[in-house]
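**Q** quick one: sequence plus predicted model below, questions after.
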Amino acid sequence: MQAFRRRKIELPNWLGRSLPARFVRNEDGVYAIEFAMVAMPFFALLFMIFEVSFTIFANQILDNAVSDAARMIRTGQAQQQNFSQAEFKQQVCGGLVGLFDCDSYLHIDVKTFSSFGSVALSEPTDENGDVDDGSFSYNDGGANDIVVVRVFYEWPMISPLSGSHLADLSNGRRLLSSVAAFRNEPFPW
């Protein structure tokens, strides 16, 4: 008869240790836990960068639209066509993309001055943080007049996290502005 040998049965490592020792040495899910700790601040920062970039992009679009519309005043085309403030506003809106709500949030101020040194402009907001367009007017002037075109847009802030820091109006929006100051050309009319 063959002698039976006793075989040593080996248990898996994790069964032979106490629960705290198993927990400390177990590395399953470490990456998921690390990602969970870093993900929220990372995505918040990423979204804030996106919102600031989008706001700067919108301000650049507004600058281009105001520059193009102000050229019509500077060359006398607006005076020749007897533009009103509403018609000039439509000219500015024509240069804006679909991201802007011109009817509700776009404010126009065009003033004429005798010299660059005499330019004095009012604040666009009141003490409550609302846009105060009560002193805004439209006067495109004549030949060789100094004209200052100011356009303001109430830009919506998307994120409550970054929006609360970037918003400068009481309604939670950011006031974008574009200004063009120039002397009208010596047009003959």
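**A** Alright, I've got the coordinates. Numbers count the residues shown, from 1 in each chain.
**Q** quick check: mean pLDDT of the host helix or strand of residue 179?
**A** Element membership for residue 179 (DSSP states H and E) is strand 173-183. The average pLDDT for strand 173-183 rounds to 96.
**Q** what's that strand in contact with?
**A** When contacts are defined by CB atoms under 8 Å, 6 or more residues apart in numbering, strand 173-183 is touched by residues 55, 58-59, 62-63, 65-67, 70, 74, 105, 116, 119, 124-125, 131, 144-157, 166-169. (Glycine included, C-beta is placed from N, CA and C.)
**Q** mind checking which of these land in strands?
**A** Using DSSP state E to define strands, the subset of the contacts of strand 173-183 located there is 146-156.
**Q** return the member of the residues you listed nearest to residue 185.
**A** residue 147 (10.8 Å; CB to CB).
**Q** drop anything exposed from the contacts of strand 173-183.
**A** Using 16 or more other CB atoms under 10 Å as the burial test, those include 55, 58-59, 62-63, 65-66, 70, 74, 105, 124-125, 131, 145-155, 157, 166-167, 169 as buried.
**Q** residue contacts, the residue positioned nearest the centre of the chain?
**A** Centroid-nearest residue in the chain: residue 55, 1.7 Å away (criterion: CA atoms, centre = their mean). Neighbour list for residue 55: 155, 157, 166, 174, 176 [criterion: CB under 8 Å, 6+ apart].
**Q** again with residue 67
**A** With contacts defined as CB under 8 Å, 6+ apart, residue 67 is in contact with 178, 180.
**Q** 7 Å - rerun?
**A** Counting by CB atoms under 7 Å, 6 or more residues apart in numbering, residue 67 touches residue 180.
**Q** from the ones in strands among the contacts of strand 173-183, which two are the most distant?
**A** Every pair of these checked by CB to CB; the farthest is 146 and 156, at 33.9 Å.
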